Structure formats: C-alpha cells, structure tokens
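Student: Build me a structure from this.
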Amino acid sequence: MLIVRPIPDPNESADLCRTFGKAPDPDNMVYLAVEAESKEDRSPVLLGLCRFTLKNEKNEIVSLDYAEGTHDTEALIITARAVMNFAFRCSVKTFYASDEVPDELSSALGFRRVGGRLAIDLEEFYKSPCNYKP
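Tutor: Reported below is the predicted structural model:
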C-alpha cells in the first residue's frame with residue numbers, strides 16, 4: 001500500500017533529506033512516500049520525498065525526488081497533491097514549484113510558467129481538481 005505522510009520531526013526530516021541527497025533546511029517541510037504492507041511495517045520501501053516551504057511568502061515545492069532505484073511517478077504526484085492540499089488549507093492561493101521539480105511532474109500537477117516561475121492557482125485548482133485546465 002502507498003503511504004504518504006508528513007515528517008514533523010526535524011531530525012527525521014534532516015535524515016531523510018540526506019538519504020535523498022538533499023541538504024537539510026530548517027525552513028523546509030517534508031512529506032514522504034513509501035510502499036508498505038501496513039502502517040506498522042518496520043521496513044517500508046522508500047518511493048519519494050517532497051520538500052516544500054510556506055515561509056516568507058515563498059510558498060513552493062522546493063524539490064520532488066524519486067528514491068534511488070525507483071521511478072514511481074504516480075506516488076510522487078499523490079505526494080505533491082497532499083502537499084498542495086496542505087498549502088491550500090493554510091490559505092495559500094498561488095503555489096510555486098522550483099526548477100528542481102522534474103518537468104514531467106510539474107506538468108502533470110498542473111504547474112505552468114508564469115512570470116518565469118512554475119505556478120498553480122490553488123483556488124482555481126480546488127474548484128474542480130479533476131477538471132482543472134490551467
């Protein structure tokens with residue numbers, strides 16, 4: 001089963017960032033995607049990591065990374081959608097994606113270049129997510 005969860009512990013977040021080859025940043029929050037038999041599974045398979053920030057009006061996905069040896073696009077899209085939903089519930093109207101996010105993922109999520117940055121209008125997106133056309 002796919003499990004997507006936030007990582008609230010800063011030490012665990014930093015360890016996961018290093019596992020994915022990313023420098024830990026205290027301004028970033030992290031969501032993790034794993035494949036597991038159950039929530040109690042002690043050895044889940046890492047699928048992906050989404051680092052993002054909601055500080056200083058930056059409001060962006062900093063990176064969206066596949067675990068080494070995996071390429072589960074669907075798992076990363078679901079993970080990023082969970083992050084987008086969290087941002088929307090935090091009253092973020094426009095959400096950005098850095099250029100570190102692979103094009104195949106930013107495009108599938110609905111991000112488009114606006115003023116030189118990848119952006120999505122979350123208010124418009126959540127009016128009808130299944131029918132969203134940027």
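Student: Kindly state the beta-bridge partners for Glu60.
Tutor: Here Glu60 sits in beta bridges with Thr53, Tyr96, as judged by DSSP bridges.
Student: dump the residue contacts of it.
Tutor: By Cβ atoms under 8 Å, 6 or more residues apart in numbering, the contact list for Glu60 reads 52-53, 95-98. To be clear about C-beta, it is placed using only N, CA and C from the backbone, and glycine gets the same treatment.
Student: again, but for Leu64
Tutor: Leu64 is in contact with 48-51, 76, 79-80, 97, 100-102, 105, counting by Cβ under 8 Å, 6+ apart.
Student: again, 10 Å this time
Tutor: Under the criterion of Cβ atoms under 10 Å, 6 or more residues apart in numbering, the neighbours of Leu64 are 31, 33, 48-52, 76-77, 79-80, 83, 97-98, 100-102, 105-106, 109.
Student: and it, what pLDDT?
Tutor: At Leu64, the model reports a pLDDT of 98.
Student: how close does it get to Ser106?
Tutor: Separation of Leu64 from Ser106 (Cβ to Cβ, to the nearest Å) stands at 8 Å.
Student: What is the longest helix of the protein by residue count?
Tutor: The helix spanning the most residues in the chain, taking DSSP state H as the definition, is helix 73-89.
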